[in-house]
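*Asks:* Dropping the sequence and predicted coords here.
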Amino acid sequence: MERSGSRQDASHRDAATTVFFLALALGALWFVCCRHLSEEWRFNEQYSYGWFVPFFVAYLFWLRWEDQPSPEVRGQKSEIRKWVAVLLIVCAAVILLPLRVFEVASSDYRPLSWLHAFAVVTITLSIIYLIGGRSWLRHFAFPVLFFLTAVPWVTAIEAPVIEGLMRSVAAIAAEVLAMFGIPAQAEGNLMRLPSGLVGVNEACSGVRSLQTSIMIGLLFGELKRLSLWQRIFLVVAGVGIALFANFLRVLFLVSMASRAHDVSVVNKWHDLAGYGILVLVFIGTMAIAWRLGRRRSEVRHQRSEIRSQRSDGNASSSQLPAPSSRLTSALRAPRSLLHVGILLFIWLVLVEIGVEVWYRMHERTTIATPAWSVRWPEDAPGYREIKTDERVRELLRFDSAHEALWRSPNLAETNYMFFFRWNPGSGTILRARAHRPDICLPSAGWKQLGTDRVESFRISPGRSLEFRCFTFGHIESKETPVRAHAYYCLHEDRVHAAEKDRQDLYSNWDLADRWRVVKDGIRNLGQQVLEVIILAPAGVDEKVIDQKFQEMLPALIAPEHAETLKH
């Protein structure tokens, strides 16, 4: 009896050790994945719900844990499947090494996020299968797969869907508004009113609650344990509620802008209407799920009563093992689970160390550049700060930004200045490099005239900054031609010695640029962009504008980084 008791204690200790290392490995696995996705959750409003998804996953898993089935009795076929599961774990874990190297330099590349999420899900489900077999795999699959709702859609799929829905809602809303005597005309993603244009992405961004409605539908379907077809119906109903609520939002915002004869009114009610959509989707989906789950819960209650009556008549079936004892018994047999947990955790640690070593090895040749900050001409005539558009923030993902405009003393020119800052380690280096006047201004109706040039402008005695200079003409300015003279400066806190004077590298977001920054071990070590645009009559010579820019620049730049941008 003493030997039997000691063996049982040793078995419990082995099971507890296995649980500890498996939890450690899975915790590290999920933490790294969530940390990577958190950048998208932080900057992209339509995926901000992603912060809650990991907690929903844990809660749904806990609910499933309460009625977990007994572990599968292992046979010859299960041994073969066990080795298949181990092979999947090995393959998914090996993929994590190159994947993490790419993610550090191209954290915004969405296919990498999906590959990372699938690797995490594959490893988790494989470990669940090794513990409890097919019965556990089927039982716990949904909570694990539910995490995929927090992964941003690939742009090639998301953009056509969102744009198509925006155009459809705008066209229908324009017809309805016309019936009520409001002269609104849909022009693609714009709603034209007599007082101006209302961007459908502003008045109609509730379409972007599409992903949120899908997540809510799947969540309530699992909480009510609905059947497959009921869950599909619930998700479709949630999407329908989101689209209808967005349609009402467009009617409300455009009618308010029309009544006030001012399209800027949209900004006042924009956020409130957006929150209203989420509340309506949540309440509507919950009501439908409650209705669908009511009948199903009654059937489930009847079945539980039948099982309870049967267990009362059978003494052996009334003594079912507790969930904790089921896990302990499941972990006793396959000793390899302990090795899987230990090796997986060690590998994950080595992956993170290897990624850090790769980039630090390439950063040994970097050179620190003299820091500078911006002084804003708040005393200049007509000085006014400009609110940074949310779409710009979502696109560039900067850590801080400030925009302003003012008039020159002679009132002949209007000056715009933009300053964006990316702190070290925040996002990819490509975001700042791709924010250039030749990319941004053409989308606002400006056409580049001639080629750009690189000029050096003095900011203090013995200190200069290099700017790329552009000249643009407005397509619609025929009677009074205006030229936009843009001066663009990209500053990096540290640069590679071989690329110190190169300004043509990594200016795009294509695969070639992404591969190059990974191959050369270039990540964001701190960046900032200063862009000054001077609007002047078309007859003013470029050299005159350059001279005026040189005169104003020393007052705009603080060579020492003594001031911290507070905006």
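*Replies:* The structure has been received and is ready for your questions.
*Asks:* Show me what counts as buried in stretch 163-171.
*Replies:* Across stretch 163-171, burial judged by 16 or more other Cβ atoms under 10 Å covers Leu165, Met166, Arg167, Val169, Ala170. For glycine as for every other residue, the C-beta is placed from the backbone atoms N, C-alpha and C.
*Asks:* Can you tell me which of those is closest to Gly462?
*Replies:* Nearest to Gly462 among the buried residues of stretch 163-171, counting by Cβ to Cβ, is Met166 at 52.9 Å.
*Asks:* From Phe247, how far out is the closest one?
*Replies:* The gap separating Met166 from Phe247 is 11 Å, by Cβ to Cβ, to the nearest Å.
*Asks:* Check which element follows the helix or strand of the chain at the bottom of the mean pLDDT ranking along the chain.
*Replies:* Lowest on mean pLDDT, DSSP states H and E among the helices and strands of the chain sits helix 200-203, with a mean of 47. Using DSSP states H and E, the helix or strand that follows helix 200-203 towards the C-terminus is helix 210-223.
*Asks:* Show the average pLDDT along that following helix.
*Replies:* The average pLDDT within helix 210-223 is 89.
*Asks:* which residues does Leu218 contact?
*Replies:* Shown in contact with Leu218 (Cβ atoms under 8 Å, 6 or more residues apart in numbering): Phe146, Thr149, Arg231, Val235.
*Asks:* Now the two most distant members of the buried residues of stretch 163-171.
*Replies:* Farthest pair in the buried residues of stretch 163-171, by Cβ to Cβ: Leu165 and Ala170, 9.4 Å.
*Asks:* Tally up the residues packed near Ile439, please.
*Replies:* 11 (other Cβ atoms under 10 Å).
*Asks:* again, but for the one 10 residues further on
*Replies:* Counted with other Cβ under 10 Å, residues neighbouring Leu449 total 13.
*Asks:* Tell me the bridge partners for the closest residue in space to it that isn't next to it in sequence.
*Replies:* Nearest residue to Leu449, sequence neighbours excluded (Cβ to Cβ, 6 or more residues apart in numbering): Thr471, at 4.7 Å. Thr471 has these beta-bridge partners by DSSP bridges: His485.
*Asks:* Could you confirm Phe398 falls within a strand?
*Replies:* No. The assignment for Phe398, made by DSSP: H, G, I helix; E, B strand; the rest coil, is coil rather than a strand.
*Asks:* my guess is the residue nearest to Leu449 meets Lys543, correct?
*Replies:* No. The pair Thr471 and Lys543 fails to qualify as a contact (Cβ atoms under 8 Å) at a distance of 11.7 Å.
*Asks:* which parts of stretch 80-100 are buried?
*Replies:* Under 16+ other Cβ under 10 Å, the buried positions of stretch 80-100 are 81-82, 85-86, 88-90, 92-93, 96-97, 99-100.
*Asks:* typo on my end, stretch 237-252
*Replies:* Using 16+ other Cβ under 10 Å as the test for burial, stretch 237-252 gives 237-239, 241-243, 245-247, 249-252.
*Asks:* now swap in stretch 58-71 and tell me
*Replies:* Buried residues in stretch 58-71 (16+ other Cβ under 10 Å): Leu60, Phe61, Arg64, Gln68, Pro71.
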